[in-house]
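Undergrad: no sequence for this one, just the structure:
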């Protein structure tokens, strides 16, 4: 099968870990082993997140030049090159000799009128305590959101991807059998001016939404979104928390998910399967193969498989669809 794999930024840099090159190398090596396992039987195209990394670079930029920090589109390009290099190197080390791999910087067009520019929702950078966040907010005038109990992160605009620029060369490489790493961090955000010229914009595009667009353009069979939680949960953090194994887009429409974390993954999954994709999977990096085979994670399909394929304790998607007001919070 042709599989677009979207690696979450938190799958590449675990929560609470120091943002060091050593930690990044170690995690990418683990990710590459899981990807290489998939690549032995399937054709993979790799996208990745950059939330922790682009946030760190923004901090460094602000510390160096508080009155003239580097814009997020350039920082996004830097992280796309950095993370792409690490993934390519470790993936090439893990794959059989003779495998071809290429990392491409990818510009992604967004709408300059997207309402996301007025409503920042994308968390980036480290998690701050309440006291730390107060100081950072005052110093940089950044918008902050509580991501976990007592923990806050900076949030930035996350406009929807409109078009992947350079999809032609990506498609040529994929058709030639090259393992392509592209659309990192959701791509470098650019807008089209009245004269048709492109210009970078201050935003971070959600990598799952871009990955779904990429998977549709490449006619992929599967969209696989890998993060640091085992599945999508009903009643996340609540008394009736339970993992969702199989589910249909219609059933997911009856639920609500956190806008800055699991929400974009759910929307990306539903968009992909409704556009003709066979399956969209969400789950842990180490479960990549089992998710594809239907034995782990959350699997979104247009039609439901027999009950015996569901995770223990999971309700059928038919029953879930009847809970029109059930609140489901995600964590990604």
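TA: Arrived safely. Worth saying up front: this structure is predicted, and the values here are computed from it rather than measured.
Undergrad: elements contacting the longest helix anywhere in the chain?
TA: If you go by DSSP state H, the chain has its longest helix at helix 72-94. Secondary-structure packing of helix 72-94 (3 or more Cβ pairs under 8 Å, 6 or more residues apart in numbering; DSSP states H and E): helix 21-39, strand 43-48, helix 51-64, strand 101-103, strand 179-181, strand 188-192. (C-beta placed from N, C-alpha, C; glycine too.)
Undergrad: quick one: buried residues of stretch 68-80?
TA: For stretch 68-80, the neighbour count (16 or more other Cβ atoms under 10 Å) marks 69, 72-73, 75-80 as buried.
Undergrad: next, format those as a markdown table and append distance to residue 157 and pLDDT.
TA: Shown next, in a markdown table, are those (distance: Cβ to Cβ, whole Å; pLDDT from 0 to 100):
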| residue | distance to residue 157 | pLDDT |
| --- | --- | --- |
| 69 | 16 | 77 |
| 72 | 9 | 87 |
| 73 | 12 | 92 |
| 75 | 14 | 90 |
| 76 | 12 | 91 |
| 77 | 17 | 93 |
| 78 | 19 | 93 |
| 79 | 17 | 90 |
| 80 | 18 | 93 |
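Undergrad: turn these into CSV, columns for distance to residue 156.
TA: Putting the buried residues of stretch 68-80 into CSV (distance: Cβ to Cβ, whole Å) gives the following:
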residue, distance to residue 156
69, 12
72, 6
73, 11
75, 10
76, 10
77, 15
78, 15
79, 13
80, 16
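Undergrad: of those, which is the nearest to residue 23?
TA: Residue 23 lies nearest to residue 79 out of the buried residues of stretch 68-80, by Cβ to Cβ, at 15.0 Å.
Undergrad: how about the closest one, nearest residue that isn't a chain neighbour?
TA: Nearest residue to residue 79 in three dimensions, chain neighbours excluded: residue 50, at 4.1 Å (Cβ to Cβ, 6 or more residues apart in numbering).
Undergrad: verify the stated contact: the one you found with residue 183.
TA: No: Residue 50 is beyond contact range of residue 183, at 10.7 Å (criterion: Cβ atoms under 8 Å).
Undergrad: let me know the angle separating the longest helix of the chain from strand 43-48.
TA: 140 degrees (axes from the mean of the first three to the mean of the last three Cα atoms, to 10 degrees).
Undergrad: what angle separates helix 72-94 from strand 188-192?
TA: For helix 72-94 against strand 188-192, the angle by the same axes, to 10 degrees is 140 degrees.
Undergrad: what pairs with residue 46 across the strands?
TA: Counting by DSSP bridges, residue 46 is bridged to residue 5, residue 181.
Undergrad: confidence score at it?
TA: Note on residue 46: pLDDT of 97.
Undergrad: contacting residues around it?
TA: By Cβ atoms under 8 Å, 6 or more residues apart in numbering, residue 46 lies in contact with 4-5, 7, 35, 87, 91, 179-182.
Undergrad: next one: residue 181
TA: 45-48, 84, 87-88, 91, 101-104.
Undergrad: which of those sits closest to residue 19?
TA: Among these, residue 48 lies closest to residue 19 (Cβ to Cβ), at 15.5 Å.
Undergrad: still on that earlier bit, name the residues contacting each of residue 50 and residue 183.
TA: Residues within reach of residue 50 and of residue 183 at once, by Cβ under 8 Å, 6+ apart, are residue 207.
Undergrad: those two: which has the busier surroundings?
TA: Per other Cβ atoms under 10 Å, whichever of residue 50 and residue 183 has more neighbours is residue 183, with 32 against 26.
Undergrad: residue 105 versus the more buried one, what's the distance?
TA: Distance, residue 183 to residue 105, using Cβ to Cβ, to the nearest Å: 10 Å.
Undergrad: against residue 1, how distant is residue 212?
TA: Per Cβ to Cβ, residue 212 is found 16 Å from residue 1.
Undergrad: the two: which has the busier surroundings?
TA: residue 212 (30 against 13).
Undergrad: from what I can see the more buried one touches residue 272, true?
TA: Yes: if you go by Cβ under 8 Å, residue 212 and residue 272 touch, sitting 4.6 Å apart.
Undergrad: what's the pLDDT at the residue of the chain most remote from its centre?
TA: Most distant from the centre of the chain: residue 195, at 31.9 Å, with distances by Cα atoms, centre = their mean. Per-residue pLDDT puts residue 195 at 92.
Undergrad: doesn't residue 174 lie inside a helix?
TA: Yes: membership of residue 174 in a helix is supported by DSSP: H, G, I helix; E, B strand; the rest coil.
Undergrad: where exactly do the helices run in the chain?
TA: Per DSSP H, the chain carries helices over the ranges 9-12, 21-39, 51-64, 72-94, 130-140, 167-175, 207-217, 249-253, 262-274, 288-292, 317-321.
Undergrad: by contact count, what packs against the second one?
TA: Helix 21-39 makes packing contacts with strand 2-7, helix 9-12, strand 43-48, helix 72-94, helix 288-292 when contacts are defined by 3+ Cβ pairs under 8 Å, 6+ apart.
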